[in-house]
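**Student:** Quick one, what's the 3D model for this:
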Amino acid sequence: MKRSEINAIMRDADAFMRSHGFRLPPFAYWTPDDWASKGEEVREIVDRQLGWDITDFGSGDYEHTGLFIFTIRNGDPDRLGSGGGKLYAEKILISDVDQVTPFHFHWRKVEDIINRGGGKLVIQLYNSTADDGLDDSGITVSTDGVRRTVPAGGKIVLEPGESITLPTRLYHSFWAEESRVLIGEVSLVNDDNTDNRFYEPVGRFPQIEEDEPPLHLLTIDYPDWYRPGEIAD
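**Tutor:** Alright, predicted model coming up:
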């Protein structure tokens, strides 16, 4: 993806979220120069990969295979087994009409996906087999506390305000219908480095062509700009 495309997506996404009354935290708007001046006080943002996360899943075609994500809060995956501390995560996502997030599941993360506003959110589901293939069995899920069963490959359509709970090892793919959708995600601790299993190989994070300076940093940009030991006196 070109940096200019990412910058444009950021501006557009921010306007869309604001139109639905959703506001990002202050660090969302720090510039690269702001980041270069930060010290250990922002270590949690970096270590927990909070912030902007825009991906085309290696497709080179964000319009049709991609997702906008902003991670608002997240705990430490290594603390998950301890039963203490921040054991949860929250994200805000945007999916455009017919913009597909490919089939994947999570080994450890249980998540609620919520249609926060806009069009309809379509979620297609498959159980996974023991060897991580697509199973042909029916799927039972909870949608706002109501049990629903669909056949293998069946679809759940969420209207604004509706949500679905996705357990571990349940393959899901989703996209918007009618108009773009603002999506909430509330889950156990999130770990995008080790907890995603895509049915077909994808690039979870984009390869970036630097055709202009970053507007705001993606989480994958932090190592290039956040160097607290190099802050000038």
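
**Student:** Go ahead and confirm residue 210 touches residue 3.
**Tutor:** Yes. Contact status for residue 210 versus residue 3: in contact at 5.1 Å, counting by C-beta atoms under 8 Å. (C-beta placed from N, C-alpha, C; glycine too.)

**Student:** So between these two, which is more surrounded?
**Tutor:** Between residue 210 and residue 3, residue 3 has the larger neighbour count (other C-beta atoms under 10 Å), namely 17 against 9.

**Student:** how much space is there between that one and residue 108?
**Tutor:** Using C-beta to C-beta, to the nearest Å, residue 3 is found at 33 Å from residue 108.

**Student:** what does residue 220 give?
**Tutor:** 22 Å.

**Student:** what does residue 171 give?
**Tutor:** For residue 171, the distance to residue 108 - C-beta to C-beta - is 15 Å.

**Student:** Of these two, give the one with the bigger neighbour count.
**Tutor:** residue 171 (24 against 16).

**Student:** helix, strand or coil for that one?
**Tutor:** In three-state terms, and counting by DSSP: H, G, I helix; E, B strand; the rest coil, residue 171 is strand.

**Student:** Also residue 60?
**Tutor:** Classified using three-state DSSP, residue 60 is coil.

**Student:** residue contacts, the closest residue to it other than its chain neighbours?
**Tutor:** Spatial nearest neighbour of residue 60, excluding adjacent residues (C-beta to C-beta, 6 or more residues apart in numbering): residue 1 at 7.9 Å. Residue 1 makes contact with 54, 56, 60, 62, 206-209 under the criterion C-beta atoms under 8 Å, 6 or more residues apart in numbering.

**Student:** Tell me, what's the model's pLDDT at residue 1?
**Tutor:** pLDDT, residue 1: 93.

**Student:** ditto for residue 230
**Tutor:** Value for residue 230, per-residue pLDDT: 68.

**Student:** Spatially central, which residue of this protein would that be?
**Tutor:** Central residue of the chain (C-alpha atoms, centre = their mean): residue 69, 4.1 Å from the mean position.

**Student:** No further questions, thank you.
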